[in-house]
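S.K.: just the structure for this:
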Amino acid sequence: MKGKVSIDADGVIRNGETADDILDGRFRIIQKKTGYRFSLDALLLAHFVRMKKGDALLDLGTGSAVIPLLLYHRWRCSRVAGIEIQPELADMAGRTLALNGLSDQIGIIEGDIRSIEQYIAPRSFDAVTFNPPYRKLQSGKINPLPEKAQARHEIHGAVGDFIKAAAHAVRASGRIFLIYPARRLAELISQMRHFQVEPKRLRIVHSRAETEGEFVLVEGIVAGGEELTVLPPLFIYEENGVYTPAMQEIFTDLCVAAETGAG
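M.R.: Here you go, the predicted model:
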């Protein structure tokens, strides 16, 4: 694929939805105007992932299918699937893939990651990604919009459920990638080790250089050795609110990968 793509949205976009360009118009993502909308988290995670060309990828809680879409192009995956529990989001993800000409390359499974054995054979993927809900059920006000509530709060599974599902799906020596709030890093590592997933690579994401860590990007390996690489921190914004050179580089890398398949 070279340059921007021309996509016909007739009959694919429904009332109350938008089709939003990402990566300078290389892809379009169907989203609700007032419901769940993907965020920068998905792009950060997609850039953090390291795979081999032709690997098989599974995305848990795929939402708008942004991560499978980006990683399919970046790593020229042999097989890609996304699991989504919310029927409306699963339907939108399927239409997003159709809009971008990827219905035959990426499959969407409507299902609960807590019952992953019903949909996915054990150790059948090379890599698993997920961007799980961040907030505990008893923390903060739950959004009245069901899509946003289920995306933000652990209504359909806590981080341990996602790690357990990923450990089921990934092959021996395969890799698991996720993004999670930095303030819950201790819980995350505890849950990873509970399910024999060893953290191997970590990067803390800050909004600005003077702010505390906001998110953490983590790569883990099932039954991996005890050795962790901590990467330099990532700062998203300069003092004036524009993206930092590091963030601009991430966008550029994803754009190049969308065209060339360079990982």
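S.K.: wait, a strand at A186?
M.R.: No. Read with DSSP: H, G, I helix; E, B strand; the rest coil, A186 is helix and lies in no strand.
S.K.: now the strands for this structure?
M.R.: 17-22, 27-32, 56-60, 79-84, 106-110, 125-130, 170-181, 197-206, 213-222, 229-230, 234-235 (DSSP state E).
S.K.: which elements pack onto the longest one?
M.R.: In terms of contacts (3 or more CB pairs under 8 Å, 6 or more residues apart in numbering; DSSP states H and E), strand 170-181 is packed against helix 40-48, strand 125-130, helix 159-169, strand 197-206, strand 213-222. C-beta coordinates here come from the backbone N, C-alpha and C atoms, glycine included.
S.K.: switch the cut-off to 6 Å
M.R.: strand 125-130, strand 213-222 (3 or more CB pairs under 6 Å, 6 or more residues apart in numbering; DSSP states H and E).
S.K.: run through who's touching that strand.
M.R.: Residues from elsewhere that reach strand 170-181 (CB atoms under 6 Å, 6 or more residues apart in numbering): 41, 45, 49, 123, 125-131, 134, 166, 188, 197, 215-221.
S.K.: of those, buried ones?
M.R.: 41, 45, 49, 125-131, 134, 166, 188, 197, 215-221 (16 or more other CB atoms under 10 Å).
S.K.: check contacts around G220.
M.R.: 176, 192, 197-199.
S.K.: make a markdown table from these and add distance to G54 to it.
M.R.: Shown next, in a markdown table, are the contacts of G220 (distance: CB to CB, whole Å):
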| residue | distance to G54 |
| --- | --- |
| I176 | 19 |
| M192 | 27 |
| V197 | 23 |
| E198 | 25 |
| P199 | 26 |
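S.K.: look up how far E259 lies from E226.
M.R.: Counting by CB to CB, to the nearest Å, the gap from E226 to E259 is 39 Å.
S.K.: neighbour count winner among the two?
M.R.: Shown here are E226 and E259; by other CB atoms under 10 Å, E259 has more neighbours (14 against 8).
S.K.: how close does the more buried one get to V159?
M.R.: Counting by CB to CB, the gap from E259 to V159 is 34 Å.
S.K.: cool, and C255?
M.R.: 31 Å.
S.K.: by neighbours, which of the contacts of G220 wins?
M.R.: I176 (30 neighbours).
S.K.: quick one: that residue and V256, what's the gap?
M.R.: Applying CB to CB to I176 and V256 gives a distance of 25 Å.
S.K.: ok, M192 next?
M.R.: 31 Å.
S.K.: ditto for E198
M.R.: For E198, the distance to V256 - CB to CB - is 31 Å.
S.K.: go on, I30?
M.R.: From I30 to V256 the distance is 24 Å (CB to CB).
S.K.: who has more neighbours, these two?
M.R.: Residue environment comparison for I30 versus V256 gives the larger neighbour count to I30, 25 against 13, counting by other CB under 10 Å.
S.K.: quick check, pLDDT for G16.
M.R.: Note on G16: pLDDT of 89.
S.K.: enumerate every residue touching it.
M.R.: Counting by CB under 6 Å, 6+ apart, G16 has contacts K33.
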